[in-house]
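# Please work out how this folds:
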Amino acid sequence: MTTVSPPPAGTFEVHRGRGAFNAAFFAVMGPYIEWNVRAHKQRLFADLPRTVVELGPGVGANMRHLAPGSTLVAVEPNAPMHRRLHAAAARHGVDLDLRETVADRTGLPDHSVDCVISSLVLCTVTDPAAVLAEVRRILRPGGTFRFLEHVAAPAGTPTRALQRVLRRPWAWTFEGCSCERDLAGPIRAAGFTHVDIEPYRLHSPFVSFNTQICGTAYA
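Here you go, the predicted model:
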């Protein structure tokens with residue numbers, strides 16, 4: 001069963017060309033990206049509950065980590081992603097509750113969910129602190145926020161220099177995505193009771209994307 005909530009007015013404006021491009025890009029490149037991060041995701045998403053909220057699921061790359069019959073509450077305002085997201089849910093036997101809204105205004109009740117996940121999403125939101133506050137609001141005590149994100153490389157490194165050079169075309173192409181964000185700091189400062197973070201580096205042609213973190217924050 002699939003339900004769709006109406007979008008709140010004026011919360012996300014899809015660029016006609018870039019929205020379609022990104023949906024196609026992640027459909028094509030998704031298997032390659034997953035191959036690079038699969039070991040981290042397998043550990044991070046090993047024991048997901050039967051109902052999970054995902055911020056920015058895109059075309060459904062994380063569906064494979066949910067058990068058949070699970071429910072995914074998908075907070076995805078980017079409409080060009082929706083067709084592929086529905087298809088991924090059907091392919092993996094996941095019930096999709098699609099919320100066409102933004103990550104800092106999910107519309108979910110206070111302390112109502114056990115688990116929120118995100119992968120490669122906090123780089124794109126306007127205000128990461130507001131999104132993290134929303135995650136804390138909707139998580140039950142003891143619930144988990146599990147995240148995998150690309151972040152800024154250490155200052156003075158060649159990777160950081162490349163991120164600086166590419167920051168504007170990268171953000172334009174990928175609809176606001178920043179390759180220069182320190183996300184570990186805001187996650188640690190968001191008021192969770194405990195946060196585990198693992199930094200790591202990929203080795204891919206997308207060099208500005210290769211410095212990443214993953215981890216779990218506990219409500």
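
# Am I right that residue 117 is in a strand?
Yes - Residue 117: assigned to a strand according to DSSP: H, G, I helix; E, B strand; the rest coil.

# My guess is residue 67 contacts residue 50. True?
Yes - the pair residue 67 / residue 50 is scored as a contact, 7.1 Å apart, by CB atoms under 8 Å. To be clear about C-beta, it is placed using only N, CA and C from the backbone, and glycine gets the same treatment.

# Name every strand pairing with the biggest strand by length in the chain and say which way it goes.
When the chain is parsed with DSSP state E, its longest strand is strand 139-150. Paired neighbours of strand 139-150 in the sheet (DSSP bridges): strand 113-119 (parallel), strand 211-218 (antiparallel).

# and after that strand, which helix or strand comes next?
Once the chain leaves strand 139-150, the next helix or strand it forms, by DSSP states H and E, is helix 158-173.

# can you list contacts of the longest strand of the chain?
With contacts defined as CB atoms under 8 Å, 6 or more residues apart in numbering, strand 139-150 is touched by 37, 40-41, 44-45, 111-123, 132, 135-136, 179, 183, 187, 192, 209-219.

# and it with helix 158-173, angle?
Counting by axes from the mean of the first three to the mean of the last three CA atoms, to 10 degrees, strand 139-150 lies at 110 degrees to helix 158-173.

# Most tightly packed of the strands paired with strand 139-150?
Mean neighbours per residue, mean count of other CB atoms under 10 Å, is largest over these for strand 113-119, with a mean of 23.

# Same question for stretch 71-81: list its buried residues.
Neighbour counts over stretch 71-81 (16 or more other CB atoms under 10 Å) mark 71, 72, 73, 74, 75, 76, 77, 78, 80, 81 as buried.

# In those residues, find the pair that's most separated.
71 and 80 (23.3 Å; CB to CB).

# list the buried ones in the longest strand of the chain?
Across strand 139-150, burial judged by 16+ other CB under 10 Å covers 139, 143, 144, 145, 146, 147, 148, 149, 150.

# Quickly check those for the two that are furthest apart.
Farthest-apart pair in these is 143 and 150; separation 24.4 Å (CB to CB).

# Which stretches in the protein count as helices?
Under the criterion DSSP state H, the chain carries helices at the ranges 16-44, 82-92, 128-138, 158-173, 184-188.

# would you list the strands paired with strand 139-150 in a markdown table and tack on mean pLDDT and distance to residue 204?
Below are those laid out as a markdown table (pLDDT from 0 to 100; distance: least, CB to CB, whole Å):
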| stretch | mean pLDDT | distance to residue 204 |
| --- | --- | --- |
| strand 113-119 | 98 | 15 |
| strand 211-218 | 98 | 10 |
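
# Could you work out which of those reaches nearest to residue 100?
The closest of the strands paired with strand 139-150 to residue 100 is strand 113-119. By CB to CB, the value is 17.0 Å.

# Not counting its own residues, what contacts the closest one?
Residues from elsewhere that reach strand 113-119 (CB under 8 Å, 6+ apart): 37, 41, 44-45, 48-49, 51-56, 61-62, 73, 103, 135, 138-140, 142-149.
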